[in-house]
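Enquirer: turn this into a structure:
(one chain, ligands or ions: 2)
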Amino acid sequence: MDGNGRWAKKRFLPRFFGHKQGVEAVVKIVQACIDREVEFLTVFAFSSENWKRPSDEVSGLMGLVLAAVSRYLARMGAMGVRIRVIGDREAVSVKLRQAWDEAEASTQHNTKLTLSVAFNYGGRWDIVQACQSAIKAGVQPAELTEACLSEYMALSHAPDPDLFIRTGGEMRISNFLLWQVAYTEFVFSDCLWPEFGEVQLDAAIGLFRQRDRRFGGTAPALAGV
Ligand code: IPE
Ligand code: MG
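Expert: Ligands and ions are numbered 1, 2, ... in the order given. A predicted model of the protein is given here:
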């Protein structure tokens, strides 16, 4: 979800307002995904590297996330959303950790859409923590297959993503789901995240539909040929 700062700048507003508008965009996209029967949505909210930002922006983001949980948790629950938080929880405040715990516990029986919020998340961190967890669980080197390691990854509750959308015009992964995107289709949109809505989502899904997914094999035979 990139482009919040630029969205605010365009309007001569502080960056914080871009992040605030970004939260509203998340709520709208969750509903749009439910309407389209998408079952898993993962959003990159705060990366392991975002701590490098000025401290007032970081604390603004932390406050915003806390406010968003208290404002939208009940609505998300009513929409049938199950919330999962992926990322390193060690470095976040006790208050935020408690908010995450509450969000996960209160939505754990929901089945319509699983919203995984990547917070203090990094793809490399995820691979390392999965290895550490596997070692701690006593997995032997010969048993450590791809399928086995996948079970220790932060997104083990979800299938590998079909579609990866990055907004804001940059064409890079920025340490998001490195392990899980081996065969994911990528769509890069110039749209700034706060302006990303149903129209842009449908455009991305449209591009996805045109892709020929072979997963390393040869093209599937055309019907009737
Ligand atoms: C992404 O928007 C939101 C977060 C990382 C929290 P940016 O803050 O990166 O927005 P730009 O790239 O400066 O426009
Ligand atoms: Mg950015």
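Enquirer: what sits up against the lengthiest helix in the chain?
Expert: Using DSSP state H, we find that the single longest helix of the chain is helix 55-78. The set of residues that contact helix 55-78 without belonging to it, under C-beta atoms under 8 Å, 6 or more residues apart in numbering, is 15-16, 19-20, 23, 27, 30, 45-46, 50-51, 53, 83, 92-93, 95-96, 99-100, 102-103, 106-107, 110, 115, 119. In this view, the C-beta of every residue, glycine as well, is placed from N, C-alpha and C.
Enquirer: mark which of those are buried, thanks.
Expert: 15-16, 19-20, 23, 30, 45-46, 50, 83, 92, 96, 99-100, 103, 107, 110, 115, 119 (16 or more other C-beta atoms under 10 Å).
Enquirer: okay, and which of these map to helices?
Expert: 15-16, 19-20, 23, 30, 96, 99-100, 103.
Enquirer: let me know the closest of those to Ala154.
Expert: Proximity of those to Ala154, judged by C-beta to C-beta, is greatest for Trp100, which lies at 12.9 Å.
Enquirer: just how off-centre is whichever strand or helix holds Ile135 within its chain?
Expert: Taking DSSP states H and E as the criterion, the element that holds Ile135 is helix 123-136. The gap between the average C-alpha position of helix 123-136 and the chain average comes to 18 Å, counting by C-alpha atoms, centre = their mean, to the nearest Å.
Enquirer: and that helix, what does it pack against?
Expert: Using 3 or more C-beta pairs under 8 Å, 6 or more residues apart in numbering; DSSP states H and E as the contact criterion, the secondary-structure elements in contact with helix 123-136 are helix 146-150.
Enquirer: list the helices and strands the helix it packs on packs on?
Expert: Contact analysis of helix 146-150 by 3+ C-beta pairs under 8 Å, 6+ apart lists helix 123-136 as its packing neighbours.
Enquirer: let's see it at 6 Å
Expert: Using 3 or more C-beta pairs under 6 Å, 6 or more residues apart in numbering; DSSP states H and E as the contact test, no helix or strand touches helix 146-150.
Enquirer: buried residues, it. List them.
Expert: Counting neighbours by 16+ other C-beta under 10 Å, one finds that the buried residues in helix 146-150 are Leu149.
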